[in-house]
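**Q** Here is my input, please return the structure:
(one chain, ligands or ions: 1)
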Amino acid sequence: MAEGDTILRAARRLGAVLTGETVAASAPNPRGRAAGIERLDGRRLERVESHGKNLLLGFGDLTLHSHMGMNGSWHVYPRGGRWRKPRGAAWAVLAGEAWEAVQFGGPTLRLIPASRLARDPQLARLGPDILAPELDLDAIVRALRADPARGLGDALLDQTLVAGIGNIFKSEACFAAGLDPWRSIGDLGDEDLRAVLEAARGQMLEAVASGRHAYAVYRARRPCPACGGRIASRGQGDANRTTYWCPDCQL
Ligand SMILES: [Zn+2]
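**A** The predicted model follows:
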(Lines give C-alpha, C1' and ligand atoms only; values in the text may rest on other atoms or scores of the structure.)
Protein backbone atom coordinates (compact mmCIF):
# COMPACT_ATOMS: atom_id res chain seq x y z
CA MET A 1 0.00 0.00 0.00
CA ALA A 2 1.41 3.33 -1.02
CA GLU A 3 1.23 5.71 1.92
CA GLY A 4 2.13 9.40 1.94
CA ASP A 5 5.87 8.76 2.17
CA THR A 6 5.86 6.65 -1.01
CA ILE A 7 3.86 9.30 -2.86
CA LEU A 8 6.14 12.13 -1.73
CA ARG A 9 9.17 10.12 -2.89
CA ALA A 10 7.51 9.45 -6.24
CA ALA A 11 6.66 13.15 -6.59
CA ARG A 12 10.26 14.18 -5.89
CA ARG A 13 11.76 11.56 -8.20
CA LEU A 14 9.40 12.34 -11.04
CA GLY A 15 9.62 16.08 -10.50
CA ALA A 16 13.43 15.98 -10.53
CA VAL A 17 13.68 14.35 -13.96
CA LEU A 18 10.60 15.65 -15.82
CA THR A 19 9.54 19.07 -14.48
CA GLY A 20 9.76 21.65 -17.24
CA GLU A 21 9.91 19.04 -20.00
CA THR A 22 7.53 18.67 -22.90
CA VAL A 23 6.44 15.05 -22.71
CA ALA A 24 5.53 12.41 -25.22
CA ALA A 25 2.47 10.80 -23.59
CA SER A 26 1.13 7.38 -24.43
CA ALA A 27 -1.15 4.78 -22.88
CA PRO A 28 -0.18 1.23 -23.84
CA ASN A 29 -2.96 -0.20 -21.63
CA PRO A 30 -6.63 0.52 -22.56
CA ARG A 31 -7.27 1.77 -19.02
CA GLY A 32 -4.89 4.67 -19.68
CA ARG A 33 -6.48 5.43 -23.04
CA ALA A 34 -9.88 5.53 -21.31
CA ALA A 35 -8.43 8.11 -18.90
CA GLY A 36 -7.38 10.27 -21.86
CA ILE A 37 -3.65 10.10 -21.12
CA GLU A 38 -2.86 10.78 -24.79
CA ARG A 39 -4.30 14.31 -24.37
CA LEU A 40 -1.10 15.11 -22.45
CA ASP A 41 1.08 14.41 -25.48
CA GLY A 42 3.19 17.47 -26.36
CA ARG A 43 2.29 19.29 -23.15
CA ARG A 44 4.80 20.68 -20.68
CA LEU A 45 4.91 19.23 -17.17
CA GLU A 46 4.85 22.32 -15.00
CA ARG A 47 4.71 20.86 -11.51
CA VAL A 48 4.54 17.64 -9.55
CA GLU A 49 2.89 17.67 -6.12
CA SER A 50 1.75 15.17 -3.56
CA HIS A 51 -1.11 15.54 -1.12
CA GLY A 52 -1.48 12.62 1.23
CA LYS A 53 -1.76 9.54 -0.97
CA ASN A 54 -2.50 11.59 -4.09
CA LEU A 55 -0.04 12.55 -6.80
CA LEU A 56 -0.86 15.58 -8.95
CA LEU A 57 0.96 16.41 -12.17
CA GLY A 58 0.19 19.87 -13.52
CA PHE A 59 0.15 20.31 -17.31
CA GLY A 60 -1.21 23.85 -17.75
CA ASP A 61 -5.01 23.67 -17.82
CA LEU A 62 -5.02 19.90 -17.23
CA THR A 63 -3.94 18.07 -14.09
CA LEU A 64 -3.22 14.35 -13.96
CA HIS A 65 -4.46 12.86 -10.67
CA SER A 66 -3.07 9.51 -9.57
CA HIS A 67 -3.93 7.49 -6.48
CA MET A 68 -1.98 4.27 -6.24
CA GLY A 69 -4.12 2.44 -3.69
CA MET A 70 -2.97 -1.05 -2.82
CA ASN A 71 -1.26 -2.01 -6.06
CA GLY A 72 -0.52 1.04 -8.22
CA SER A 73 2.99 2.35 -8.83
CA TRP A 74 5.05 4.91 -10.71
CA HIS A 75 8.42 3.88 -12.10
CA VAL A 76 11.11 6.20 -13.47
CA TYR A 77 13.44 4.84 -16.15
CA PRO A 78 16.09 6.21 -18.48
CA ARG A 79 14.21 6.76 -21.74
CA GLY A 80 14.32 3.55 -23.77
CA GLY A 81 15.64 1.55 -20.79
CA ARG A 82 14.28 -1.79 -19.62
CA TRP A 83 11.10 -1.80 -17.51
CA ARG A 84 10.42 -4.10 -14.60
CA LYS A 85 6.86 -4.70 -15.84
CA PRO A 86 5.38 -5.51 -19.25
CA ARG A 87 4.76 -2.58 -21.56
CA GLY A 88 1.11 -3.51 -22.06
CA ALA A 89 0.48 -3.11 -18.33
CA ALA A 90 1.37 0.60 -18.36
CA TRP A 91 -1.58 2.96 -17.96
CA ALA A 92 0.55 6.03 -18.66
CA VAL A 93 3.97 6.70 -20.14
CA LEU A 94 5.31 10.26 -19.88
CA ALA A 95 8.58 10.49 -21.75
CA GLY A 96 10.90 13.48 -21.54
CA GLU A 97 14.25 13.97 -23.22
CA ALA A 98 16.29 11.55 -21.08
CA TRP A 99 13.79 9.99 -18.67
CA GLU A 100 10.35 8.45 -18.72
CA ALA A 101 7.80 8.03 -15.95
CA VAL A 102 5.58 4.98 -16.24
CA GLN A 103 2.40 4.36 -14.24
CA PHE A 104 0.93 0.93 -13.52
CA GLY A 105 -2.39 0.05 -11.90
CA GLY A 106 -4.22 1.56 -8.95
CA PRO A 107 -7.74 2.80 -8.30
CA THR A 108 -7.41 6.31 -9.76
CA LEU A 109 -5.81 7.77 -12.85
CA ARG A 110 -7.71 10.67 -14.38
CA LEU A 111 -7.41 14.10 -15.92
CA ILE A 112 -9.00 17.06 -14.16
CA PRO A 113 -9.36 20.51 -15.77
CA ALA A 114 -7.28 22.85 -13.59
CA SER A 115 -10.34 25.13 -13.25
CA ARG A 116 -12.15 22.35 -11.37
CA LEU A 117 -9.28 21.29 -9.09
CA ALA A 118 -10.33 23.41 -6.12
CA ARG A 119 -13.84 21.93 -5.99
CA ASP A 120 -13.00 18.40 -7.06
CA PRO A 121 -14.96 16.12 -4.72
CA GLN A 122 -12.09 13.65 -4.18
CA LEU A 123 -9.41 16.27 -3.55
CA ALA A 124 -11.28 19.14 -1.85
CA ARG A 125 -12.25 17.06 1.18
CA LEU A 126 -8.70 15.91 2.01
CA GLY A 127 -7.37 16.96 5.39
CA PRO A 128 -3.91 18.52 5.89
CA ASP A 129 -1.02 16.47 4.50
CA ILE A 130 0.88 14.89 7.41
CA LEU A 131 4.09 15.52 5.41
CA ALA A 132 3.38 19.17 4.54
CA PRO A 133 6.42 21.41 5.16
CA GLU A 134 4.38 23.44 7.67
CA LEU A 135 1.84 21.50 9.64
CA ASP A 136 -0.78 22.83 12.06
CA LEU A 137 -0.98 19.89 14.47
CA ASP A 138 -3.58 21.58 16.65
CA ALA A 139 -5.93 21.92 13.67
CA ILE A 140 -5.67 18.17 13.07
CA VAL A 141 -6.21 17.44 16.77
CA ARG A 142 -9.42 19.52 16.60
CA ALA A 143 -10.53 17.65 13.47
CA LEU A 144 -9.87 14.28 15.12
CA ARG A 145 -12.03 15.33 18.07
CA ALA A 146 -15.12 15.72 15.84
CA ASP A 147 -16.03 12.09 16.63
CA PRO A 148 -15.00 11.31 20.23
CA ALA A 149 -16.32 7.73 20.06
CA ARG A 150 -14.08 6.76 17.19
CA GLY A 151 -11.06 4.51 17.79
CA LEU A 152 -7.64 6.17 17.45
CA GLY A 153 -6.36 3.73 14.80
CA ASP A 154 -9.48 4.14 12.69
CA ALA A 155 -9.45 7.96 12.91
CA LEU A 156 -5.78 8.15 11.81
CA LEU A 157 -6.74 6.48 8.50
CA ASP A 158 -9.49 9.00 7.73
CA GLN A 159 -8.00 11.04 4.88
CA THR A 160 -10.50 13.85 5.43
CA LEU A 161 -9.00 14.47 8.91
CA VAL A 162 -5.32 14.04 8.08
CA ALA A 163 -4.03 12.92 4.68
CA GLY A 164 -1.21 10.47 4.02
CA ILE A 165 -1.25 8.01 6.94
CA GLY A 166 -2.00 4.45 5.83
CA ASN A 167 -2.21 1.12 7.55
CA ILE A 168 1.53 0.76 8.22
CA PHE A 169 2.10 4.11 9.90
CA LYS A 170 -1.24 3.94 11.72
CA SER A 171 0.07 0.93 13.66
CA GLU A 172 3.69 2.09 13.90
CA ALA A 173 2.81 5.59 15.14
CA CYS A 174 0.50 4.25 17.85
CA PHE A 175 3.28 1.90 18.99
CA ALA A 176 5.88 4.69 19.02
CA ALA A 177 3.53 6.91 21.05
CA GLY A 178 2.74 4.05 23.45
CA LEU A 179 -1.00 4.41 22.76
CA ASP A 180 -3.54 1.61 22.39
CA PRO A 181 -5.06 2.12 18.90
CA TRP A 182 -8.43 0.90 20.22
CA ARG A 183 -8.82 3.76 22.68
CA SER A 184 -11.47 6.25 21.67
CA ILE A 185 -10.45 9.76 20.66
CA GLY A 186 -12.52 11.21 23.49
CA ASP A 187 -10.51 9.18 26.00
CA LEU A 188 -7.19 10.68 24.84
CA GLY A 189 -5.64 14.01 25.76
CA ASP A 190 -4.44 16.61 23.25
CA GLU A 191 -0.86 15.69 24.18
CA ASP A 192 -1.56 12.06 23.24
CA LEU A 193 -3.02 13.03 19.87
CA ARG A 194 -0.13 15.41 19.15
CA ALA A 195 2.36 12.67 20.12
CA VAL A 196 0.88 10.10 17.76
CA LEU A 197 0.72 12.60 14.88
CA GLU A 198 4.32 13.68 15.50
CA ALA A 199 5.38 10.03 15.58
CA ALA A 200 3.67 9.34 12.25
CA ARG A 201 5.21 12.43 10.67
CA GLY A 202 8.69 11.61 11.99
CA GLN A 203 8.59 7.98 10.88
CA MET A 204 7.23 8.90 7.46
CA LEU A 205 9.84 11.62 6.89
CA GLU A 206 12.52 9.04 7.76
CA ALA A 207 11.00 6.67 5.21
CA VAL A 208 11.00 9.46 2.60
CA ALA A 209 14.71 10.01 3.24
CA SER A 210 15.75 6.35 3.35
CA GLY A 211 13.21 4.74 1.00
CA ARG A 212 12.81 1.98 3.56
CA HIS A 213 10.21 1.06 6.15
CA ALA A 214 11.40 -0.36 9.45
CA TYR A 215 8.50 -2.12 11.17
CA ALA A 216 8.23 -2.58 14.94
CA VAL A 217 4.74 -4.09 15.01
CA TYR A 218 3.30 -4.00 11.47
CA ARG A 219 2.45 -7.49 10.21
CA ALA A 220 3.47 -8.96 13.61
CA ARG A 221 6.44 -10.80 12.16
CA ARG A 222 8.53 -10.50 15.33
CA PRO A 223 7.84 -10.22 19.05
CA CYS A 224 7.41 -6.74 20.49
CA PRO A 225 10.81 -4.97 20.28
CA ALA A 226 10.18 -3.37 23.69
CA CYS A 227 8.86 -6.22 25.87
CA GLY A 228 9.32 -9.38 23.78
CA GLY A 229 5.60 -10.14 24.03
CA ARG A 230 3.27 -11.21 21.24
CA ILE A 231 2.00 -8.54 18.85
CA ALA A 232 -1.79 -8.61 18.51
CA SER A 233 -3.70 -7.96 15.28
CA ARG A 234 -7.35 -7.34 14.50
CA GLY A 235 -9.45 -5.59 11.84
CA GLN A 236 -10.53 -2.07 12.80
CA GLY A 237 -13.05 0.48 11.52
CA ASP A 238 -15.65 0.27 8.77
CA ALA A 239 -13.03 -0.89 6.27
CA ASN A 240 -11.78 -3.55 8.72
CA ARG A 241 -8.12 -2.63 8.14
CA THR A 242 -5.82 -4.76 10.29
CA THR A 243 -4.31 -2.97 13.26
CA TYR A 244 -1.16 -4.34 14.93
CA TRP A 245 -0.26 -3.44 18.49
CA CYS A 246 1.41 -4.64 21.68
CA PRO A 247 -1.27 -5.08 24.35
CA ASP A 248 1.37 -4.79 27.09
CA CYS A 249 3.26 -1.67 25.91
CA GLN A 250 0.39 0.36 24.44
CA LEU A 251 -2.02 1.71 27.00
ZN1 LIG B 1 5.47 -4.76 24.12
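
**Q** near the ion, which residues of this protein show up?
**A** Applying C-beta under 5 Å from the ion, we find that the chain lies next to the ion at Cys224, Ala226, Cys227, Gly229, Cys246, Asp248, Cys249. For the C-beta atoms, the positions are set from N, CA and C on the backbone; glycine is no exception.

**Q** who wins for neighbours among the residues you listed?
**A** For the residues of the chain next to the ion, the largest number of neighbours (other C-beta atoms under 10 Å) sits with Cys246, at 24 neighbours.

**Q** Could you double-check that it sits in contact with Arg222?
**A** No - Cys246 is beyond contact range of Arg222, at 11.1 Å (criterion: C-beta atoms under 8 Å).

**Q** Report the set of residues contacting both of those two.
**A** Ile231 (C-beta atoms under 8 Å, 6 or more residues apart in numbering).

**Q** And the helices in the protein, which stretches?
**A** 4-18, 30-34, 121-124, 137-144, 152-156, 167-177, 190-210 (DSSP state H).

**Q** And the contacts of the third one?
**A** Meaning helix 121-124. Applying C-beta under 8 Å, 6+ apart, the contact partners of helix 121-124 are His51, Asn54, Leu56, His65, His67, Thr108, Ile112, Leu117, Ala118.

**Q** where's the dip in pLDDT among these?
**A** Lowest pLDDT within the contacts of helix 121-124 is found at Ala118 (89).

**Q** distance of the residue nearest to that one when sequence neighbours are not counted from the ion?
**A** Closest residue to Ala118 apart from its sequence neighbours, by C-beta to C-beta, 6 or more residues apart in numbering: Ala124 at 6.6 Å. Computed as C-beta to the ion, to the nearest Å, the Ala124 to the ion distance reads 40 Å.
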